[in-house]
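Engineer: generate coordinates for the sequence data below:
(chains A and B)
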Amino acid sequence: EAQVTQNPRYLITVTGKKLTVTCSQNMNHEYMSWYRQDPGLGLRQIYYSMNVEVTDKGDVPEGYKVSRKEKRNFPLILESPSPNQTSLYFCASSLSLAGVRPGELFFGEGSRLTVL
Amino acid sequence: AQSVTQPDIHITVSEGASLELRCNYSYGATPYLFWYVQSPGQGLQLLLKYFSGDTLVQGIKGFEAEFKRSQSSFNLRKPSVHWSDAAEYFCAVDGQAGTALIFGKGTTLSVSS
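Structural biologist: Now for the predicted structure:
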């Protein structure tokens, strides 16, 4: 089954304790991205990756890191989480968003993070 | 810069009634437009998309949307709403250069019996 898998789905942590949210896709997609969803603000892009070893900032990258060492995995790293990073996080992937007919963006089920 | 506006934060519709969710976009060229649905506790699922051609596009679950260039709109419609349609709906436009989809802030749909 084609899917984007995120872990953990729920996490409560404390300020400053490093954490990683994993994301894996089994569709051989080149493009991957992280969004955060906050009430009243919709989805905002954190980072994206066009392919292995190619990553770039989205609209709200502060406080986050990513890496793309393999095509299927795109982890989101919070080196020193703060309460304003409490949010619902989504990983997404696509064959490509560029070109004449951009591909569909497939989403994971989300990771709800609470930073105390 | 590209942007998407969904004017209605929350809409309540009676079961069996028709539905229209509004979406306006700002874009410098021909946009690629999408509607996604998010059920509680779930990720986002694509309902339909518009790239070019026929301005009325059909999607899954009985939804359709009409692209109106003159109004910069891409409204989502359904002739008869079911209780299972209660969810949050997001309109999105491609961000050019293939780097992102730009999402609206969403419209929450409640269905009353």
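
Engineer: where do the strands sit along the chain?
Structural biologist: Let's take chain A. With strands called from DSSP state E, chain A shows them at A:4-7, A:10-13, A:19-25, A:31-38, A:42-51, A:54-57, A:65-66, A:76-78, A:87-94, A:106-107, A:111-115.

Engineer: sorry, I should have been clearer: chain B.
Structural biologist: Here chain B has its strands, by DSSP E, at B:3-5, B:10-14, B:19-21, B:24-26, B:33-38, B:44-50, B:56-58, B:64-68, B:73-78, B:87-94, B:101-103, B:107-112.

Engineer: any idea how far residue B:35 lies from residue A:81?
Structural biologist: Applying C-beta to C-beta, to the nearest Å, the value for residue B:35 to residue A:81 is 33 Å. Backbone N, C-alpha and C define where each C-beta goes, glycine included.

Engineer: so which of these two has more stuff around it?
Structural biologist: residue B:35 (25 against 22; other C-beta atoms under 10 Å in any protein chain shown).

Engineer: skipping its backbone neighbours, what lies nearest the more buried one in space?
Structural biologist: residue B:47 (4.4 Å; C-beta to C-beta, 6 or more residues apart in numbering or on different chains).

Engineer: is it true that that neighbour touches residue B:36?
Structural biologist: Yes - at 6.3 Å, residue B:47 counts as touching residue B:36 under the criterion of C-beta atoms under 8 Å.

Engineer: next, count neighbours for residue B:54.
Structural biologist: The number of residues packed near residue B:54 is 9, by other C-beta under 10 Å.

Engineer: residue B:6 and residue B:107, how far apart?
Structural biologist: To residue B:107, residue B:6 is 5 Å away according to C-beta to C-beta.

Engineer: so what's in contact with those two at the same time?
Structural biologist: Taking C-beta atoms under 8 Å, 6 or more residues apart in numbering or on different chains as the contact rule, residue B:6 and residue B:107 both touch B:21-22, B:89-90.

Engineer: low-confidence stretches in chain A?
Structural biologist: Chain A contains residues with pLDDT under 70 at A:99-102.

Engineer: from residue A:16, how far out is residue A:33?
Structural biologist: Applying C-beta to C-beta, the value for residue A:33 to residue A:16 is 26 Å.

Engineer: give me the more crowded residue out of those two.
Structural biologist: Legend: neighbour count by other C-beta under 10 Å for residue A:33 and residue A:16, higher for residue A:33 (27 against 11).

Engineer: list the contacts of the more buried one.
Structural biologist: Residue A:33 is in contact with A:45-49, A:58, A:74, A:91-93, A:105, B:100, counting by C-beta under 8 Å, 6+ apart.
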